[in-house]
Structures are given as structure tokens and as C-alpha cells.
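A.B. asks: Could you work out the structure for the sequence below:
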Amino acid sequence: MPIWPLSLPADPLIAGYSVAPQKNVVAFGTEVGPDKVRRGSTARVKTISNDTYLQAGQLAVFLSFFEDELQDGALTFTWTNQLDGLTASFRFAPDSPYQLSAMGGGLWRVTMNLMLVP
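C.D. replies: Next up, the predicted model:
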């Protein structure tokens, strides 16, 4: 499994870091009474959005990592989970994997949308 490149920042910016659990409950309608509700899976997935700043050279590394090593985000990779400091498996969110914003002077802000996968 690919690992987050060492030449890229190891920690995202604290400002803008957010975590949200994905839906993991299934509800079934009944003819009478309240819906039946159960857990969907024991494999919990969380959506994580974070930002980091990259210099032009680092941006090239990031794009190569995403496009080539991760096959445009199709593969998972290992990185440090900021919630507990342990190594975890991540995958880029398929609908909106990342966004680049030019900050000037060769600096780029990268907003990554990741899934923390079991």
C-alpha cells in the first residue's frame, strides 16, 4: 500500500480540519409502528477534510502521488491519523478528492477530502 510522501507536510493545518462519520444506520419501514433500525456495518468510515500549504515542488510531488501512485485516487494509502496519532488507511473521496488554490509566490493551498477507511 502506498504511503504519504515524506517530502510533503506530515500534519495538515489545524484550522479547517474536520471529521464527520458516514451514515452507518439502516432503517426499514414497518406496516405498523416505528421503523426498524440497525447498524449498517461494523466497518466505520469517516470523512475528513483538511488543508495544507505546498510549495511548487511539493505540489508536483502531490500530483504525482495522487495521479500515478494512487491511480487518480482509486487506491488507499497510509498516513498518520490526526485523531489518535496512529498510522491509518485513507482514500481520497471520489466525488471531490482535492481542490487547489493559488496563494501567490509559488505557494498553493490544497484542500483534501479523504475517507478514513477500516
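
A.B. asks: who's in contact with the lowest-mean-pLDDT helix or strand in the chain?
C.D. replies: Among the helical and strand segments of the chain, the one scoring lowest on mean pLDDT, DSSP states H and E is strand 18-21, with a mean of 79. Contacts with strand 18-21, where a contact means C-beta atoms under 8 Å, 6 or more residues apart in numbering, come from 44-50, 83, 116. (Each C-beta comes from the backbone N, C-alpha and C, glycine too.)

A.B. asks: Out of the residues you listed, which two sit at the greatest distance?
C.D. replies: Across these, the two members that end up farthest from each other (C-beta to C-beta) are 44 and 50, 18.7 Å apart.

A.B. asks: Pick out whichever of those two has more residues nearby.
C.D. replies: Just comparing residue 44 and residue 50: by other C-beta atoms under 10 Å the higher neighbour count belongs to residue 50, 19 against 13.

A.B. asks: helix or strand for that one, which one?
C.D. replies: Applying DSSP states H and E as the criterion places residue 50 in strand 46-55.

A.B. asks: now do residue 116
C.D. replies: Assigned by DSSP H and E, residue 116 falls within strand 107-117.

A.B. asks: Report the distance from that strand to the chain centre.
C.D. replies: On the basis of C-alpha atoms, centre = their mean, to the nearest Å, the separation between the geometric centre of strand 107-117 and that of its chain is 6 Å.

A.B. asks: Within its sheet, name the partner strands of that strand and how each one runs.
C.D. replies: Partner strands for strand 107-117, per DSSP bridges, with pairing direction: strand 46-55 (antiparallel), strand 87-92 (antiparallel), strand 98-104 (antiparallel).
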